[in-house]
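Peer 1: what follows is a predicted protein model with its sequence.
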Amino acid sequence: MDRIVVTGNGPLSGQIPIAGAKNACLTLMPATLLSDEPLTLTNAPRLSDIRTMTTLLQSLGAEVSALNGGQVLALSSHGLNNHTADYDIVRKMRASILVLGPMLARDGHAIVSLPGGCAIGARPVDLHLKALEAMGADLDLRDGYVHAKAPGGLRGAVIDFPMVSVGATENAMMAATLAKGTTVLQNAAREPEIVDLARCLRKMGAQIEGEGTSTITIQGVDRLHGATHPVVTDRIELGTYMLAPAIAGGEVELLGGRLDLVAAFAEKLEQAGVSVRETPAGLAVTRRADRVQAVDVVTEPFPGFPTDLQAQMMALLCCAEGTSVLEERIFENRFMHAPELLRMGAKIDVHGGTATVTGVDRLKGAKVMATDLRASVSLILAGLAAEGETIVNRVYHLDRGYERVEEKLGNVGARIERIKGDD
Ligand code: EPZ
């Protein structure tokens, strides 16, 4: 397995290009199942998760071609000939569940493996299933698979989500585009990835309004047609790299960065003493003093502070002046980066969903273990300002969500290299 070695090397300077959003692309790709006409996605990120979704769609008989080095995805489900999403693929990536709604809406039947949990939590899909049942689907859970049928097609329904779920909102929204009648999603997720999906579906002929608010209304249509759509900028990659100059010092410009995608996060950075400035090319970030100030963080659904930036923010606060309290309200087990940061000399106390971080002057490099996608990048960020070498193992987690991290950080002056694993 590959490892990444980071050595604290002082202030950073330069530009980092931000890619298209993994979590938008992973819901835009299954949208191809809603039409037998071609769907072209541009500004697609080059990540292993995208390759996994490609494999899944191809296993269903869809065509997916990665063009222009993977930045353009040409999809067509004209040749859909299999409605079973197999466990061996689904277990690698939970977002595979997003083929369920589209397949059911298009052909009235689908068999999709239940995704199972992952490192950060049990991550059930009950809200996805309840939404589809409300639209008339007949679901039978057996042998670890959801056997879904809607022989007469899906019908519009009012679906009031008991809690905000990004994936359930996406599955329901896609299914509703071809349902008979009107669907209203209440307490819907408001993430920019939801807005991006709605915009793409509208280009395909769907009738959707309200995306970005808590109430989304979809008027079903008979069929959807092809489209070309640019994947929205990845706000989590953006936030991650905004933390690089905040942690290491210097100034970095994030190309393609948009303040509206990271408003709550940027506000927290400002409170901590980090300046975020809009430029014609994106966002410029610089730390105002030698040390940032402690701030408290609570993760919430968008537009609140994103759970996917909690681990990375903790890396910054490990060296802040004062004590910060981070409350993780979205997932039940998302502090696995804490024990690894402790190995680097951090002072962190975790009790249930709350982590209390007391800043230290400087972390010390150490061998650390990546446990999940965002935890792994938080360790790299911590290594940027640590004394000596930090060696991050199991970087396959990293490659799921970050393109060429060693190149992007290396280009702004970080001392970072990937050591190829022998397996
Ligand atoms: C999406 O996951 C993202 N993944 C996650 O990013 C992100 O952390 C999460 O949204 C929250 O923003 C993709 O978009 C591919 P949820 P998703 O449904 O849709 C519970 C990353 O690092 N829940 O909003 O699975 C769930 O357990 C990943 O890129 C149910 O109880 O998240 C969690 O506690 C990690 N039942 C909460 O809701 C359900 O049916 C929010 O989950 C669905 C969810």
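Peer 2: That came in fine, so what should we check first?
Peer 1: pretty sure Met1 sits against Val392.
Peer 2: No. Using Cβ atoms under 8 Å, Met1 and Val392 do not qualify as a contacting pair, with a distance of 10.7 Å. Bear in mind the C-beta positions are built from the backbone N, C-alpha and C, glycine included.
Peer 1: so between those two, which is more surrounded?
Peer 2: Val392 (29 against 12; other Cβ atoms under 10 Å).
Peer 1: mind checking pLDDT for the more buried one?
Peer 2: Per-residue pLDDT puts Val392 at 95.
Peer 1: host element of it?
Peer 2: Secondary structure from DSSP states H and E places Val392 in strand 389-393.
Peer 1: give me the sheet partners of that strand and which way each runs.
Peer 2: strand 3-7 (antiparallel), strand 367-369 (parallel) (DSSP bridges).
Peer 1: need the helices for the stretch 101-250 of the chain, in chain order.
Peer 2: Using DSSP state H, counting those that start in this stretch, the helices of the stretch 101-250 of the chain run over 126-134, 166-176, 192-203, 235-248.
Peer 1: of all these, which lies closest to His225?
Peer 2: For the helices of the stretch 101-250 of the chain, the distance to His225 is smallest for helix 192-203, at 8.9 Å, taking Cβ to Cβ.
Peer 1: quick one: mean pLDDT for the closest one?
Peer 2: Helix 192-203 comes out at a mean pLDDT of 98.
Peer 1: just stretch 337-356 next, same as before
Peer 2: Here the average pLDDT along stretch 337-356 is 98.
Peer 1: thinking again about what came up before, which of the strands paired with strand 389-393 sits most buried?
Peer 2: strand 3-7 (a mean of 20; mean count of other Cβ atoms under 10 Å).
Peer 1: give me the neighbour count for whatever residue of the stretch 151-300 of the chain ends up closest to the ligand.
Peer 2: Sorted by distance to the ligand under Cβ to the nearest ligand atom, the residues of the stretch 151-300 of the chain start with Gly167, at 2.9 Å. Per other Cβ under 10 Å, the neighbour tally for Gly167 reads 21.
Peer 1: tell me which residues touch it, please.
Peer 2: Shown in contact with Gly167 (Cβ atoms under 8 Å, 6 or more residues apart in numbering): Thr27, Arg94, Ala95, Ile97, Leu98, Val125, His128.
Peer 1: my read: the third one touches Met29, true?
Peer 2: When you say that, I think you mean Ala95. No. Counting by Cβ under 8 Å, Ala95 stays clear of Met29, with 9.0 Å between them.
Peer 1: identify the contacts common to those two.
Peer 2: Met53.
Peer 1: re earlier: just tell me which of the strands paired with strand 389-393 ends up closest to Thr40.
Peer 2: Taking these one by one with Cβ to Cβ, strand 3-7 is closest: 33.3 Å.
Peer 1: re earlier: what is the subsequent helix or strand relative to the strand holding Val392?
Peer 2: helix 396-399.
Peer 1: can you name the element that comes right after that next one?
Peer 2: helix 405-410.
Peer 1: what's that next one in contact with?
Peer 2: 4, 6, 12, 16-17, 241, 244, 377, 380, 384, 398, 402, 416-418.
Peer 1: now list the buried members of those.
Peer 2: For the contacts of helix 405-410, a burial check counting by 16 or more other Cβ atoms under 10 Å picks out 4, 6, 12, 16-17, 241, 244, 377, 380, 384, 398, 402, 416, 418.
Peer 1: point out the least confident one among the residues you listed.
Peer 2: Scoring the buried ones among the contacts of helix 405-410 by pLDDT puts Leu398 last, at 92.
Peer 1: quick check, that residue in contact with Asp372.
Peer 2: No. Using Cβ under 8 Å, Leu398 is not in contact with Asp372; the gap is 9.9 Å.
Peer 1: which residues of the chain lie near the ligand?
Peer 2: Near the ligand, the residues belonging to the chain are 23, 26, 94-95, 121, 123-128, 163, 165-168, 307-308, 330-331, 373-374, 401 when assessed by Cβ under 6 Å from any ligand atom.
Peer 1: so where's the chain uncertain?
Peer 2: 423 (pLDDT under 70).
Peer 1: the residue nearest the centre of it: helix or strand, and which one exactly?
Peer 2: Closest to where the C-alpha atoms of the chain average out (Cα atoms, centre = their mean) is Asn23, at 4.0 Å. For Asn23, the host element (DSSP H and E) is helix 22-28.
Peer 1: follow-up on the earlier one: pull out the buried residues from the strand holding Val392.
Peer 2: Thr390, Ile391, Val392, Asn393.
Peer 1: in a markdown table: these, plus distance to Arg46.
Peer 2: As requested, the buried residues of strand 389-393 are arranged in a markdown table below (distance: Cβ to Cβ, whole Å):
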| residue | distance to Arg46 |
| --- | --- |
| Thr390 | 25 |
| Ile391 | 25 |
| Val392 | 20 |
| Asn393 | 23 |
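Peer 1: tell me the one of these nearest the ligand?
Peer 2: Nearest to the ligand among the buried residues of strand 389-393 is Val392, at 16.5 Å by Cβ to the nearest ligand atom.
Peer 1: unless I'm mixing things up, that closest one is touching Ile380, no?
Peer 2: Yes. With contacts counted by Cβ under 8 Å, Val392 reaches Ile380, the gap being 5.9 Å.
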